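*Asks:* Fold the following and give me the result.
(one chain, ligands or ions: 1)
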Amino acid sequence: MSTKIRVAIAGIGSCASALVQGVEFYLRNPENMIGLMYPEIGGYKTEDIEFVLGFDIDTRKVDTFLQEALYVLPNCNMRVIDPASKFQCIETNARTFRGPTLDGIAPHMLRYHGDITFQEDTKAHIISAEEYKELLKKHKVDILLNYMPVGAEEASKWYITHAIDAGVHVINCMPTFISTEDATALELMAIKNKVTIVGSDMRSSYGASRLSEVLQGSMMDAGLVVTQHIQMNMAAGTTQGQEHIINGRSANTDFLNMAEKARLHSKHVSKENVLSGQSIVRGKGLEGMTMFAGPSLTVVQRPGGDYMGTDNKVCNIDLVAYGFAGARYELTARLSVQDSPNSGGIVVDAIRFCRVAREMDIVGYLRGPSAWSQKTPPVQMTTADAKFECDAMARRVYTPITEKQKISNLFSVSNELLIEKVKELPFTFQKGKTEYE
Ligand SMILES: NC(=O)c1ccc[n+]([C@@H]2O[C@H](COP(=O)([O-])OP(=O)(O)OC[C@H]3O[C@@H](n4cnc5c(N)ncnc54)[C@H](O)[C@@H]3O)[C@@H](O)[C@H]2O)c1
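*Replies:* You can find the predicted model right below:
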């Protein structure tokens, strides 16, 4: 079926590079379905996704063709497509424009070697909000992907709210708009503009969040009480295609950016929302629970050697629980993954859910796809419930949740009452803070 789903990307980092290369990979290898959770969503395949615009601030990426920007440093994701070959999933001559920096670059990032960190452009024209909206309209963009670095609250707000204002759907891959208050206000704006949102803070297809959720959820469903859940993440290990680098290996820019505690605050809260979410959806309290999830360790190489970011991430999980007649359980798990392609596998679903939902006349936060694909969705769900919602939408079937979000239902009242209707949409209370703030 179908017309192409036209996508713009803000932040052409390692995740964007892995995503676009992945879409091209499946386009060139249509028989290969490995790594795809949904070969089809409402009739759309990954080959229906087309990338048409990019925005960045790095001097190596701005004012270039989007395809070129995917491959330059400090991006360090694995390469699966020859950079010199012509991409079919990128619109011919699609370019990367210079957006406003705002809080995109944390001061400590400037301390690192240029090959592994951001280099702010000082020459190219910085687009205004009006020019940004014009570009989105001129290029008929359906969906904006927000891939700002963690902590770039202002920059994210700029890309997201102006996109919604321009009638573009948004997938918010990083932890902004995570408190219920902020998310509700954003949803009202999206509904008024009749667009959808998937957010916030992308999970990976099979990463730390999924593993934590499934392990904790399965223990609770077995009647156990989980008293401790600690999830530690670090940049470590080797990355495919970079085995020749034996002297010099640092964390990728995502981890380097979070080396300063102040910068990673929102990611820490968002990661813990995954853990607390599994207790909340089962009606269990969190009091006294020993719980931690965070981008816990950023490793920077000692000066010298080659400078290359590593896209490999290792997660260690420790759980303690008590069960039948007080019997004790301890569970330890270790997961080592290639970080950026792992998120690409889920973004290809989020993109298609946005298109299909809009064709079903659903607007606002997509609660099922957000619970399945994001760390801080508006409604936390069990793994099974989130999958149920996604499966239904993939078959274009309404559920009691999506029925409420149909345009015909929401817009059956006056403008003033619309606000009340939006407030009635389900939200799991999410904090923008930790317990000790
Ligand atoms: N598996 C994963 O890697 C994963 C999973 C979930 C969420 N995320 C989140 O997705 C986001 C992107 O991750 P990444 O690994 O691609 O990061 P990255 O550091 O590789 O890319 C960030 C990009 O944003 C650009 N940028 C910075 N400020 C900007 C601005 N004001 N305007 C436009 N561009 C700007 C940088 O130049 C860079 O190209 C991060 O917030 C990350 O935490 C990643």
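*Asks:* Strands of the protein, residue ranges please.
*Replies:* Assigned by DSSP state E, the chain shows strands spanning 5-10, 49-56, 64-65, 95-98, 143-146, 169-172, 196-198, 225-235, 250-251, 290-297, 309-310, 312-322, 328-338, 364-365.
*Asks:* got JSON lines for these, with distance to the ligand too?
*Replies:* (Each C-beta comes from the backbone N, C-alpha and C, glycine too.) Shown next, in JSON lines, are those (distance: least, Cβ to the nearest ligand atom, whole Å):
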{"stretch": "strand 5-10", "distance to the ligand": "5"}
{"stretch": "strand 49-56", "distance to the ligand": "4"}
{"stretch": "strand 64-65", "distance to the ligand": "12"}
{"stretch": "strand 95-98", "distance to the ligand": "8"}
{"stretch": "strand 143-146", "distance to the ligand": "8"}
{"stretch": "strand 169-172", "distance to the ligand": "9"}
{"stretch": "strand 196-198", "distance to the ligand": "12"}
{"stretch": "strand 225-235", "distance to the ligand": "10"}
{"stretch": "strand 250-251", "distance to the ligand": "10"}
{"stretch": "strand 290-297", "distance to the ligand": "8"}
{"stretch": "strand 309-310", "distance to the ligand": "8"}
{"stretch": "strand 312-322", "distance to the ligand": "7"}
{"stretch": "strand 328-338", "distance to the ligand": "8"}
{"stretch": "strand 364-365", "distance to the ligand": "17"}
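*Asks:* Arrange these in CSV, one row each, with distance to I178, mean neighbour count and mean pLDDT as further columns.
*Replies:* CSV is the format used below for the strands of the chain (distance: least, Cβ to Cβ, whole Å; neighbours: other Cβ atoms under 10 Å; pLDDT from 0 to 100):
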stretch, distance to I178, mean neighbour count, mean pLDDT
strand 5-10, 18, 26, 98
strand 49-56, 22, 25, 98
strand 64-65, 32, 17, 98
strand 95-98, 27, 21, 98
strand 143-146, 13, 26, 98
strand 169-172, 9, 28, 98
strand 196-198, 13, 29, 98
strand 225-235, 17, 20, 95
strand 250-251, 23, 27, 88
strand 290-297, 14, 18, 87
strand 309-310, 26, 26, 88
strand 312-322, 21, 19, 96
strand 328-338, 23, 14, 97
strand 364-365, 12, 28, 97
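*Asks:* Mind checking the ones you listed for the one nearest to K267?
*Replies:* strand 290-297 (5.5 Å; Cβ to Cβ).
*Asks:* Just to check, A251 is in contact with A235?
*Replies:* Yes. Assessed by Cβ atoms under 8 Å, A251 is found in contact with A235 at 3.4 Å.
*Asks:* Overlap in contacts, these two.
*Replies:* Among the neighbours of A251, those also in contact with A235 (Cβ atoms under 8 Å, 6 or more residues apart in numbering) are T298, V299, T310.
*Asks:* Closest to L110 out of those residues?
*Replies:* The closest of the shared contacts of A251 and A235, once distances to L110 are taken by Cβ to Cβ, is T298, at 15.7 Å.
*Asks:* Could you report the pLDDT at the closest one?
*Replies:* Here the pLDDT value assigned to T298 is 87.
*Asks:* That one: what's its closest spatial neighbour, skipping adjacent residues?
*Replies:* Computed as Cβ to Cβ, 6 or more residues apart in numbering, the closest residue to T298 that is not its neighbour in sequence is A259, at 4.1 Å.
*Asks:* What of K284?
*Replies:* M220 (6.8 Å).
*Asks:* Okay then, goodbye and thanks.
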